[in-house]
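> give me a model of this one.
(2 chains)
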Amino acid sequence: MWIIFGLVNAEQVIVTAVVWNLNHTPVITSINPSSDPKLIARNKTQNYTIYLRDDEQDAIYYTITPQSWYVDPISWTINSSDFDSSSWAYINFKYLAPNTKPTPNPTKVTITINDWPNLVSKDINLYIY
Amino acid sequence: MDKKKYLKIIFPIIVIIWIMLIIFLYKNNSVNNYVIKDWIWVDSFIKNNSSQSAFEKNTSFKIWDNLDFISFVNFGNDKKIFLDILETKKNINIENIYINDKKINESDIKSLYLSWMTIVKINWKAKTNNLEWKINYNNLIKINIIEETDNKNDEIKKVVTVSNWKLPKNITLLNNNFSSNINNLLQIKWVNLEEVDYVNIWWFSLKPQIENWTLLVSLDKDIFASWEYFIFFQLKNGKILTTENKINFIHNQNSINIANLTPKIINNTEDSFIVIQWNGFNKIISVQLNNNIILKTTSFKIINDNVAAIKIPKWLWSWIYYFNVMDTNRIYELKNNTFTIN
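Numbers count the residues shown, from 1 in each chain, chains lettered A, B, ... in the order given. This is a model prediction of the structure:
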């Protein structure tokens, strides 16, 4: 955002703001568990919670894509009503580790968060033992 | 050529052909643990529990590893047999023996009445590793027929019937159609869930997890060919439970596939991102819509090989669309996943 100040006369100041994108990008604030990479035994499940903030509380479409093995859900929607009064919301998902060590290891789960004008992605790293 | 000369040439040839035929039949009597002896059909698998291997035709193991040896034996009709494992016992410590999921004593194997299809399972600890023990999987158990028997023999039914334990009921697969291009989760519900030790599909033995009264079984991508597979269960008490449940796999040979796109409905009032998921996206060089509109290269972002975001321009008219993506070799019409513009 650019802010331009112009002096018109002694009593009046005009402020012009040029905003490139009116809609704020949603921000991932924390991931629980936060270990990076997270150690997970083979064929075990791990629950994750991703906390995020979106000032406009837009509906957010998210995807969760594992490089190796399975997550549930693989995509879903956060509705405007799911945000709290501080514009926070969260995503829960479950990761199921493979039966054998994956290649590559560490592996990753990619999260995308899409509020339409903006799209952000984040990788969660996992080491399967 | 006179008759004697003719016989001198022909006779050795016939003898040689007979010898070759006998050798051929003898050698082909056992191929890949698949043995036919006196019309007994045997298909055997071995699993190393210590290293959590799958059921395989052969496996490597260390000294004192715990192994399961399973033979599916088809006798043709009911028989009284002697199960000879004397040679094998030199290399193993037998822990348990099961006949059709019924635990038996080692002394019982000298005289067993078995029905036409029988599962012989021996759980043992190896006294030697697989390199020192020049193991012949075809001869781990020898089945000697003592006598042919009558199907109506009550004694047979007493031994082979598995009705002395409660059969789990209401086995339900939450999904039984999968694309083997991607990792999948098989979810199974039934009444005695906690009894399941392994879920077996084909020769793969898979350790399930239990969550919310559901068995979760992870299915590796690119393992199962397009086919319909039976499922059977190994229970914690050592029994094997066969079911009528089947799962279907479809494997797509394409190097680029979409398993999911999000969201599936967008408005044409503003530019929108659609995120596509699953494989081969690093190869994408161009994206078109099915109405032949080519999207600008700046309109799609390959996040990694498994995730890509495609910006859909707002001026498109309302319709149902799918993506045609191009790599350096060809165009892939990804018709299975569509999205709608309102």
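> and the pLDDT at the residue of chain A found nearest chain B?
Scanning chain A for the residue nearest chain B gives A:S75, at 4.1 Å (criterion: Cβ to the nearest Cβ). Every C-beta, even on glycine, is put in place using the N, C-alpha and C of the backbone. In the predicted model, A:S75 carries a pLDDT score of 92.
> what about the residue of the stretch 201-342 of chain B found nearest chain A, distance to B:N282?
For the stretch 201-342 of chain B, the residue closest to chain A is B:T262, as judged by Cβ to the nearest Cβ, at 4.1 Å. With distances taken as Cβ to Cβ, to the nearest Å, B:T262 is found 20 Å from B:N282.
> neighbour count: those two, which is higher?
Neighbour count, other Cβ atoms under 10 Å in any protein chain shown: between B:T262 and B:N282, B:T262 has more, with 21 against 12.
> now the residue of the stretch 201-342 of chain B closest to chain A: closest residue in space, sequence neighbours ignored.
Distances taken as Cβ to Cβ, 6 or more residues apart in numbering or on different chains place A:S75 nearest to B:T262, at 4.1 Å, with adjacent residues excluded.
> ranges for the helices of chain B?
In chain B, helices defined by DSSP state H lie at B:3-27, B:86-89, B:154-160, listed in chain order.
> looking at the ones you listed, which has the lowest confidence?
That would be helix B:154-160, which, of all those, carries the lowest mean pLDDT at a mean of 46.
> the spatially most central residue of chain A: which element?
The structure's chain A has its C-alpha centroid closest to A:I28; by Cα atoms, centre = their mean the separation is 4.2 Å. Element membership for A:I28 (DSSP states H and E) is strand A:27-32.
> gap between that strand and the chain center?
Remark: strand A:27-32 is offset 7 Å from the chain centroid, using Cα atoms, centre = their mean, to the nearest Å.
> give me the contacts around that strand.
Contact partners of strand A:27-32, identified using Cβ atoms under 8 Å, 6 or more residues apart in numbering or on different chains, comprise A:48-54, A:88, A:111, A:113, A:120, A:122, A:124.
> same thing with stretch A:90-103?
When contacts are taken as Cβ under 8 Å, 6+ apart, the neighbours of stretch A:90-103 outside the stretch itself are A:40-52, A:62, A:64, A:66-73, A:76, A:78, A:109, A:111, A:126, A:128-129, B:52, B:183, B:185, B:206-207, B:209, B:211, B:216, B:218, B:220.
> now do stretch B:307-314
Contact with stretch B:307-314 is made by A:63, A:65, A:110, A:112, A:114, A:119, A:121, B:266, B:268-277, B:281, B:284, B:287, B:295, B:299-303, B:323, B:339, B:341, as judged by Cβ under 8 Å, 6+ apart.
> surely the residue nearest to B:T262 and A:I111 touch.
No - A:S75 sits out of contact with A:I111 when judged by Cβ atoms under 8 Å, with a separation of 10.5 Å.
> higher neighbour count, these two?
Looking at A:S75 and A:I111 with other Cβ under 10 Å, you find the greater number of neighbours at A:I111, namely 23 against 19.
> for B:S50, what are its contacts?
Applying Cβ under 8 Å, 6+ apart as the definition, the contact partners of B:S50 turn out to be B:61-62, B:65-67.
> buried subset of the contacts of stretch B:307-314, written for ChimeraX?
Only the buried entries of the contacts of stretch B:307-314 go into this ChimeraX selection, using 16 or more other Cβ atoms under 10 Å in any protein chain shown:
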select /A:63,65,110,112,114,119,121 /B:266,268,272,273,274,275,276,277,281,284,287,295,300,301,302,303,323,339,341
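> just the contacts of stretch B:307-314: which are in strands?
Using DSSP state E, the members of those that fall in strands are A:63, A:65, A:110, A:112, A:114, A:119, A:121, B:266, B:272-277, B:287, B:300-303, B:323, B:339, B:341.
> where does the chain dip in pLDDT?
If you meant another chain, say so; for now it's chain A. Counting by pLDDT under 70, chain A shows low-confidence ranges at A:1-22.
> I was after chain B.
Confidence mapping of chain B against pLDDT under 70 gives the ranges B:1-2, B:23-39, B:54-55, B:75-76, B:101, B:116-117, B:148-169.
> and the nearest residue to B:N254 once chain neighbours are set aside, how many residues sit next to it?
Once its chain neighbours are removed from consideration, B:N254 has its nearest residue in B:Y332; the separation is 5.6 Å (Cβ to Cβ, 6+ apart). Residues lying near B:Y332 (other Cβ under 10 Å) number 20.
> what does chain A have sitting close to chain B?
Within reach of chain B by Cβ under 8 Å from any Cβ of the partner chain, chain A has these residues: A:42-45, A:61-63, A:65-70, A:72, A:74-75, A:77, A:94, A:96-100, A:110, A:112, A:114, A:116-117, A:119, A:121.
> among those residues, name the ones in strands.
Filtering those for strands - DSSP E - leaves A:45, A:61-63, A:65-66, A:70, A:72, A:75, A:77, A:94, A:96, A:110, A:112, A:114, A:119, A:121.
> circling back to that earlier point, and the contacts of B:S50, which are buried?
Burial of the contacts of B:S50 was assessed by neighbour count (16+ other Cβ under 10 Å); the buried members are B:61, B:65-67.
> mind putting the residues you listed into TSV with distance to B:L114?
Formatted as TSV, the buried ones among the contacts of B:S50 follow (distance: Cβ to Cβ, whole Å):
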residue	distance to B:L114
B:F61	28
B:D65	28
B:N66	26
B:L67	23
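> nearest to B:T328, of those residues?
For B:T328, the nearest member of the buried ones among the contacts of B:S50 is B:F61. The distance, counting by Cβ to Cβ, is 45.7 Å.
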